[in-house]
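**Student:** The following comprises the amino acid sequence and a computationally predicted model.
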Amino acid sequence: MKNEPLLEVESLHKHFSVPKQRIWERERYVKAVDGVSFEIYRGETFGLVGESGCGKSTMGLMIGGLISPSKGKIYFERNIITGSGKNFSNKIRRNMQIVFQDPYASLNPKKKIGWTLEEPLVIYREGNKQERQKKVYEMMELVGLEESIANRYPHELSGGQRQRIAIARALMLNPQFIIGDEPVSALDVSIQAQILNLMKRLQSKLNLTYLFISHDLNVIHYMSDRVGVMYLGEIVEKAHVEKIYERAYHPYTKSLFSAIPSIEPNTNSERIILKGDAPNPVCPPTGCRFHPRCPYAMDVCSKNSPQNIEVEKGHFVRCHLYNK
Amino acid sequence: MNNILLKVEDLHIAFHTSKGSLPAIKGVSFEVEEGEILGIVGESGCGKSITSLALMGLLPQNSEIVSGNIYFENKNINSLKEEDMQKLRGNEISMIFQEPMNSLNPVYKIGHQMIEGLILHFGISKKEAKERTINMMKEVGLARATEIFNSYPHELSGGMRQRIMIAMALICKPKLLIADEPTTALDVTIQAQILELMKKINREMKTTIIFISHDIGVIAQTCDRVVVMYAGQVVEQAKVDEIIKRGAHPYTRGLMEAIPTHQKRGTPLKAIKGRVPSLLERAKGCSFASRCEKAVKQCTEKKPLLNSIKDKHQVRCFLAQEEGEA
Amino acid sequence: MKLKKNLALYIGVGIVAILLFLMIISLFYTPYDANKMVIAERFQAPSIKHWLGTDNFGRDILSRIMEGSQTAFYVGTVSVLIALIGGIIIGALAGYMGGWVDEVVMRIIDALMAFPSILLALVFIAVFGVSTQNTMLAIGIRSIPTFARIARSGFIQYKEFEFVKAAKAIGAGPFRIMFIHILPNVMSSLIIAASMGFATAVLAEAGLSYLGLGVQPPHPSWGRMLNEAQGYLMKAPWYTFAPGTVITMSVLGFNLLGDGIRDMCDTRK
């Protein structure tokens, strides 16, 4: 699988300005994403996991080109796609598509399903009406929907059906790279399993590369080849998913794993229950951002920001515990 | 055996819509023993939330209890007058909801909202009410209680707000606490905290809890006994371990097999085909038959009954009964 | 269930339908020539021959009311269209673009709203001259702010929706998103406003014509009829009664229609 990366993210930052409370206040920023780097290889699934507010969705939107980063670079097939908007040409744009979280909100309620599916082809002026129609039906069959659904409106469909539509729409332009921004979080377990299976099947059939964003470690673990764990705008641990599962190094990752409510008896580790809430990203803690909640915090943790350490081959951790 | 605190008997609830009266709950019966945590698990639309609202006498206006009884401490409560029900609510039975932000009024300070109920129910002084409130807040793990007492809801995090809701629900020392998806809106690490708290409350304050969730993992970690609901019916109930190890209903098994875990990597998940039937669809036989892999002819023709296959393990499935008998 | 109780909608539809029917008939047939003066038949009270009587020039009031409805609908439709299109464009730009565009546009709109409507129309007509076109323009432009505000809030609300993000993700440009994706979702509240705007426009036209600044003679206009009639209030009360009633009814009808549509949309949610 190790070939050249399809997508590279280099020290990406996104700072949103906070509306001022008082007029003479200094401008403050939420550092939603603060220096994130990773690479995604062709044909693999890279999982991005973290809790709400950790910046994982912002990452997805930046890579998908819907918002522009404050700093840093993104390369797709070695071409830089950040910077001035024009570089993000249509050719690259159509090669990466996004599937969103809420299938109830991601389809236009006033448009029929057939129209929604055809739209990407209309925008890129592909084929004539008949050819486009044919492609719509082919794609619907591929994601397991009957043709008759093309004449329905979103509100007539179930959540699972809608998410299949959203996936079909993302695939209409034959992209190589799909960003899934919590694509199964709004679905019931039994439907979630259907969609995960579908995404797996499509991946091998169409040779797709996935960036899979989720808060659910179970889902991430099932879907991904490699995984990045995010906390307050940083990737604190990054490794092959099997490695991270065998041995998580970062205390935050450990606590995340131990917090998964599982029906299997918890054998791999003792339960770590974190104290307190994630801090406000407007004024993140000094030093290591996790230190106020960390059960292993040392003096150095509140002073210096930890470096990215390669603890095993391809296994990176941002934690002072593993300083050599 | 412990005393039965709450008993639901053949409950039927219908929604009145423009398409006529639709049955949402079709004959639900279960019992809650004093001191236990009973889990109710099921996917959206299975009727778990509407059942809990019925227990509180808080059904939405377009719905109604058609038949059946709810006994609380051997007293039938669904024939109670609204005033009497109001006394019961908050005092004897309390409830917490999924979204703690919606349950708090954004324009009042936390403390003000918390002592309001106390003063109303017990007629105690403001000072005493405040003291009791702050004690309860410390009890639910809010360390900076006095500070939080003077805060507005928007100044608190989701986890803190849910703790506030739990403190408010417990302040009158209710015998029964109904928690409707209390951790669904929270992050996993916060969820773990709240689940610990619920268990602590059950253990230390001897509060009986009905814990409603769509997540069988959460239920497995928190509850003593589980009721599995599907399409407005109880399809299985038993002790948690029994359900996890020997869940007998195909739906219960399907729910567990659909959860992605590390053992299942590389193989397709066993998804339950199709989707939950809408209230409009009425099956002649078992309501799960159309999605069930094991369905045989009689499943589509006759409705299965909820039968015991073992001591305290009941299943609504023809196949499970045969297995049990064999 | 609530549809049964939506009395406003039924009454509104009924009144508007009657007025519309009257207008369509008048295109082909009026009992008399609306402008034909018969001095011998001045100030006749309602009778079999003249259902609503005659005016100071002996013209048949019913015929004039019917022809006047053409003016009312014409002015109403055109000015609402001006307001609707202007409002959608301005509201879409302000709401969707946000930032300084929004700030500048909305301040202009605020300024426009600060003028009393009749004063604005008077200034407009004083500058550009008296004519039906200018009346419609004046009323239309004055109504733009209402529509712009509704459109803007709709666009602000929907631009954050995931389906808009999804459209961006497949490569849809801003105009496609504004007018093909968001607009149909905002349209229902605009249609409600249009119905009420129609009533306002009819009233405004009547008001301007009453002042002699609207539709010019010999075209019949309800407002000018009222103006002419007031001099003979004692002598021929039916003359005042007829235009007064139709103006009231059309304003009431379109307002009820708007209310009714809103209630209907509410229950569906």
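**Tutor:** The structure has been received and is ready for your questions.

**Student:** how much space is there between the closest residue to residue A:171 other than its chain neighbours and residue A:181?
**Tutor:** Leaving aside its sequence neighbours, residue A:171 sits nearest to residue A:139 (Cβ to Cβ, 6 or more residues apart in numbering or on different chains; 6.0 Å). Quick note: C-beta positions are derived from backbone N, CA and C, even for glycine. Using Cβ to Cβ, to the nearest Å, residue A:139 is found at 20 Å from residue A:181.

**Student:** Those two: which is more packed in?
**Tutor:** Neighbours per residue, other Cβ atoms under 10 Å in any protein chain shown: of residue A:139 and residue A:181, the larger number sits with residue A:181, 25 against 21.

**Student:** Report the contact partners of the closest residue to the more buried one other than its chain neighbours.
**Tutor:** Distances taken as Cβ to Cβ, 6+ apart place residue A:60 nearest to residue A:181, at 4.4 Å, with adjacent residues excluded. Listed by Cβ atoms under 8 Å, 6 or more residues apart in numbering or on different chains, the contact set of residue A:60 reads A:48, A:98, A:179, A:181, A:211, A:213.

**Student:** number of nearby residues for residue B:297?
**Tutor:** Neighbours around residue B:297, by other Cβ under 10 Å: 9.

**Student:** In strands only, show me the contacts of residue A:60.
**Tutor:** Mapping those onto strands (DSSP state E) picks out A:48, A:98, A:179, A:181, A:211, A:213.

**Student:** Output these in CSV, with distance to residue A:71 and pLDDT appended to each entry.
**Tutor:** Below are the ones in strands among the contacts of residue A:60 laid out as CSV (distance: Cβ to Cβ, whole Å; pLDDT from 0 to 100):
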residue, distance to residue A:71, pLDDT
A:48, 19, 96
A:98, 22, 93
A:179, 20, 96
A:181, 22, 94
A:211, 20, 96
A:213, 21, 96
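
**Student:** List buried residues within those.
**Tutor:** A:48, A:98, A:179, A:181, A:211, A:213 (16 or more other Cβ atoms under 10 Å in any protein chain shown).

**Student:** which one is residue A:222 nearest to, not counting chain neighbours?
**Tutor:** Nearest residue to residue A:222, sequence neighbours excluded (Cβ to Cβ, 6+ apart): residue B:260, at 3.2 Å.

**Student:** I'd like the distance between residue A:192 and residue B:59.
**Tutor:** From residue A:192 to residue B:59 the distance is 29 Å (Cβ to Cβ).

**Student:** quick one: which of the two has more around it?
**Tutor:** Higher neighbour count among residue A:192 and residue B:59: residue A:192, with 26 against 18, using other Cβ under 10 Å.

**Student:** Now for the buried ones among the ones in strands among the contacts of residue A:60: which two are most distant?
**Tutor:** A:48 and A:98 (13.3 Å; Cβ to Cβ).

**Student:** Report how many residues lie close to the residue nearest to residue A:222.
**Tutor:** Look at residue B:260: counted by other Cβ under 10 Å, it has 22 neighbours.

**Student:** how close does residue A:39 get to chain B?
**Tutor:** Computed with Cβ to the nearest Cβ, to the nearest Å, the distance linking residue A:39 and chain B is 22 Å.

**Student:** What residues does that residue make contact with?
**Tutor:** A:5, A:7, A:8, A:9.

**Student:** got the phi/psi numbers for it?
**Tutor:** Dihedral angles of residue A:39 (phi, psi; degrees, to the nearest 10) stand at phi -140, psi 150.

**Student:** and it, what are its bridge partners?
**Tutor:** According to DSSP bridges, the residues that bridge with residue A:39 are residue A:8.

**Student:** Pick out the lowest-pLDDT one from the contacts of residue A:39.
**Tutor:** Here the lowest pLDDT out of the contacts of residue A:39 sits on residue A:5, with 90.

**Student:** Does that residue touch residue A:40 like I think?
**Tutor:** Yes - between residue A:5 and residue A:40 a contact is recorded at 6.2 Å, counting by Cβ atoms under 8 Å.

**Student:** Give me the more crowded residue out of those two.
**Tutor:** More neighbours surround residue A:40 than the other of residue A:5 and residue A:40, with 22 against 18 (other Cβ under 10 Å).

**Student:** pLDDT wise, what is that one at?
**Tutor:** pLDDT at residue A:40 comes out at 95.

**Student:** for it, what are its contacts?
**Tutor:** Shown in contact with residue A:40 (Cβ under 8 Å, 6+ apart): A:5, A:6, A:7, A:8, A:46, A:177, A:209, A:211.

**Student:** Residue A:72 too?
**Tutor:** Taking Cβ under 8 Å, 6+ apart as the test, what residue A:72 contacts is A:9, A:10, A:11, A:12, A:13, A:35, A:36, A:37, A:82.

**Student:** Of the contacts of residue A:39, which is the most crowded?
**Tutor:** residue A:9 (25 neighbours).

**Student:** wait, doesn't that residue sit right on residue A:74?
**Tutor:** Yes - with contacts counted by Cβ under 8 Å, residue A:9 reaches residue A:74, the gap being 5.4 Å.

**Student:** Now the common contact residues for those two.
**Tutor:** Listed contacts common to residue A:9 and residue A:74 are residue A:63; contacts here mean Cβ under 8 Å, 6+ apart.

**Student:** thinking in terms of the whole chain, how far from its middle is the helix or strand hosting residue B:226?
**Tutor:** Residue B:226 belongs to strand B:225-230 when assigned by DSSP states H and E. Chain-centre distance of strand B:225-230: 10 Å, with Cα atoms, centre = their mean, to the nearest Å.

**Student:** Tell me the strands beside that strand, with direction?
**Tutor:** Using DSSP bridges, strand B:225-230 pairs in its sheet with strand B:37-41 (parallel), strand B:233-239 (antiparallel).

**Student:** With that, I have no additional questions.
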